[in-house]
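Q: Kindly return the folded structure for what I paste below:
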Amino acid sequence: DLEAVINESALIAVMKKKDAVELDDLEEARDKVKWGRQKRSKVMDESDKRITAYHESGHALIAALLPEVEPLHKVTIIPRGVALGATMQLPERDRYHMQKRYCLGQLAVLFGGRAAEETFCNDISAGARSDIKQATELARMMVCEWGMSEALGPISYSEAEETLFLGREITRTRNHSEQTAQSIDREVQALLTSCLERSRQLIRDHSDACDRIARALLRLESLSGTDVESL
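A: Predicted coordinates:
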């Protein structure tokens, strides 16, 4: 991964006719390797750009407000890869423990985009698809594997995997009842709903700040974590 980033940053520096690789070249290379190439040629009309700006401002605001999640590094509305925008958090250290407080905070960050769209655009879009998928996977891990549900207790409800026919086929067997499966679904839904409501409340409480971030994104397209803090 490091080799790919260094090679890419060298190419970027050469294209800019530089004598050496600088920090901004490394930043762009890291983003390109991790999230895909910038697509500045992708032209969005103003309404789509506005939705993207408020969506990303919601993520950025909540990431900046919650001390328990990874620090906000950058937010952008420049299309990159398949995404129309991105909010990037950068860990300050390796994380060896997934604590419940961190997981709940991360769920709130993931729902920040949807909450901001509801508040400022009076509608919702499919832009939260990836956020919802990530949030659902995290919530299910919390409930089924990490024992972070008070209602279901410290029990593993993960499905057992069995390999058949010399490893060519994997089957999953559920080791709990249909009634328990329904309880798991209800608990995951309740967890996600409460985190979405937390996001909505944070967006409402700091709506002026969210609006300032979105307007700055529409003007500048990219903001650093420091920029967002000052806004």
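
Q: now this structure, which segments are flagged as low pLDDT?
A: For the chain, applying pLDDT under 70 flags the ranges 40-43, 81, 159-175.

Q: go again using 80 as the cut-off
A: Applying pLDDT under 80 to the chain flags the ranges 35-45, 80-83, 158-177.

Q: now the helices for it?
A: Secondary structure of the chain (DSSP state H): helices at 2-15, 23-35, 46-65, 100-121, 129-144, 178-205, 207-220, 225-230.

Q: ok, residues contacting the last one?
A: Contact with helix 225-230 is made by 60-61, 64, 71-75, 90, 213, 216, as judged by C-beta atoms under 8 Å, 6 or more residues apart in numbering. (Each C-beta comes from the backbone N, C-alpha and C, glycine too.)

Q: With Ala151 as the reference, name the closest of the helices of the chain.
A: helix 178-205 (5.4 Å; C-beta to C-beta).

Q: ok and that closest one relative to helix 100-121, angle-wise?
A: 60 degrees (axes from the mean of the first three to the mean of the last three C-alpha atoms, to 10 degrees).

Q: Give the buried residues for helix 178-205.
A: Neighbour-count burial for helix 178-205, counted by 16 or more other C-beta atoms under 10 Å, picks out 183-184, 187-188, 191-192, 195-196, 198-200, 202-203.

Q: sorry, back to before: out of the helices of the chain, flag the one nearest Leu84.
A: Among the helices of the chain, helix 46-65 sits nearest to Leu84 (C-beta to C-beta), with 4.7 Å.

Q: Only C-alpha atoms, please: export that closest one in PDB.
A: Extracted C-alpha coordinates of helix 46-65, given in PDB (Å, rounded to 0.1, in the frame of the first residue of the first chain):
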ATOM      1  CA  GLU A  46     -26.500  23.100  -8.800                       C
ATOM      2  CA  SER A  47     -29.200  21.100  -7.100                       C
ATOM      3  CA  ASP A  48     -27.200  17.900  -7.100                       C
ATOM      4  CA  LYS A  49     -24.100  19.700  -5.900                       C
ATOM      5  CA  ARG A  50     -26.100  21.300  -3.100                       C
ATOM      6  CA  ILE A  51     -27.500  17.900  -1.900                       C
ATOM      7  CA  THR A  52     -23.900  16.500  -1.900                       C
ATOM      8  CA  ALA A  53     -22.600  19.500   0.000                       C
ATOM      9  CA  TYR A  54     -25.200  19.300   2.800                       C
ATOM     10  CA  HIS A  55     -24.800  15.500   2.900                       C
ATOM     11  CA  GLU A  56     -21.000  15.700   3.400                       C
ATOM     12  CA  SER A  57     -21.400  18.700   5.800                       C
ATOM     13  CA  GLY A  58     -23.600  16.500   8.000                       C
ATOM     14  CA  HIS A  59     -20.900  13.800   8.200                       C
ATOM     15  CA  ALA A  60     -18.200  16.400   8.800                       C
ATOM     16  CA  LEU A  61     -20.100  18.300  11.500                       C
ATOM     17  CA  ILE A  62     -20.800  15.200  13.600                       C
ATOM     18  CA  ALA A  63     -17.300  13.800  13.200                       C
ATOM     19  CA  ALA A  64     -16.000  17.200  14.400                       C
ATOM     20  CA  LEU A  65     -18.400  17.300  17.400                       C
END
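
Q: This completes my enquiry, with thanks.
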